[in-house]
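Peer 1: starting from these lines, generate the structure:
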Amino acid sequence: MSVPVFRRPRCQRCNLPQHLCLCAEIPQVATRTRIVLLQHIVETWKKSNTGRVAALALSNAKLLTYGAPDESFDTSVLSEPGTWMLFPDGPAAPPDAPAPRQLVVLDGSWSQARRMSQRIPVLRTLPRLVLPPPESGMLMLREPTHPSGMSTLDAIARAVAMLEGPEAAAALERLAALRVQRIAECGTLN
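Peer 2: Residues are numbered from 1 along each chain as shown. Below is the predicted model:
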């Protein structure tokens, strides 16, 4: 006899279980820098996905999906002048380079992000924005496959702070902390 699996209903907007829904708390954050989230197809409907929440919060964001079978991927948006990529290694921008107008953020597990960076030729040519290691005591859910343990939302908040100042990133940081707190209180993402 099989035991039925109970699945909690999810919010259609933020994709979290309804009891964890963050929609009422998602701020609208305006940035000069356009954030292009390049989301791996496998991440699209994961409950743990924070890229979707970041895209909802950022008024100057574009969410693209990569890896759909039988679909070609248009890289033209990634080739726009002034485009950088948030990534821990690769070609660094010259110290006197102007700030990026557009920042590509790979949204997926660490292995998915690494594969995307290798399989999409234009990404290999982009200057990199590298984040310093997280401060000790930073409240986040650890992702063991990612060297820094940062979620996509955490990483975007830190990138916005670097590029546009801590005030611009404060609402994103509060949203990331609230998400971690709610999940910790429930003890699960199910």
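Peer 1: C-alpha from now on. contacts and neighbour counts both.
Peer 2: Noted.
Peer 1: ok, L63 - contacts?
Peer 2: By CA atoms under 8 Å, 6 or more residues apart in numbering, L63 lies in contact with 36-39, 52, 55.
Peer 1: one more time with 7 Å
Peer 2: 36-38, 55 (CA atoms under 7 Å, 6 or more residues apart in numbering).
Peer 1: please apply the same query to N49.
Peer 2: Here N49 is in contact with E43 (CA under 7 Å, 6+ apart).
Peer 1: look up phi and psi at it.
Peer 2: Phi and psi for N49, reported as degrees, to the nearest 10, are phi -70, psi 120.
Peer 1: offset the numbering so it begins at 55, please.
Peer 2: Renumbered: residue one is now 55, and that last one reads N103.
Peer 1: run through the strands of the protein in chain order.
Peer 2: 88-94, 115-120, 137-140, 156-161, 182-183 (DSSP state E).
Peer 1: tell me what the shortest one is packed against?
Peer 2: In other words, strand 182-183. Contact analysis of strand 182-183 by 3 or more CA pairs under 7 Å, 6 or more residues apart in numbering; DSSP states H and E lists strand 137-140 as its packing neighbours.
Peer 1: what pairs with the strand it packs on, parallel or antiparallel?
Peer 2: Paired with strand 137-140 in the same sheet, following DSSP bridges, are strand 156-161 (parallel), strand 182-183 (parallel).
Peer 1: which of those sits most buried?
Peer 2: Per-stretch averages of neighbours, counted by mean count of other CA atoms under 10 Å, single out strand 156-161 among these, with a mean of 25.
Peer 1: got the contact list for that strand?
Peer 2: Residues outside strand 156-161 that contact it (CA under 7 Å, 6+ apart): 87-94, 105, 136-140, 167, 206.
Peer 1: now do the closest residue to A109 other than its chain neighbours, the pLDDT please.
Peer 2: Closest residue to A109 apart from its sequence neighbours, by CA to CA, 6 or more residues apart in numbering: A115 at 5.8 Å. With respect to pLDDT, A115 scores 97.
Peer 1: and if you look at T199?
Peer 2: T199 carries a pLDDT score of 40 in this model.
Peer 1: same thing with L195?
Peer 2: The confidence metric pLDDT takes the value 46 at L195.
Peer 1: what residues sit buried inside the helix ranked longest in the chain?
Peer 2: As assigned by DSSP state H, the longest helix anywhere in the chain is helix 220-240. For helix 220-240, the neighbour count (16 or more other CA atoms under 10 Å) marks 222-233, 235-237 as buried.
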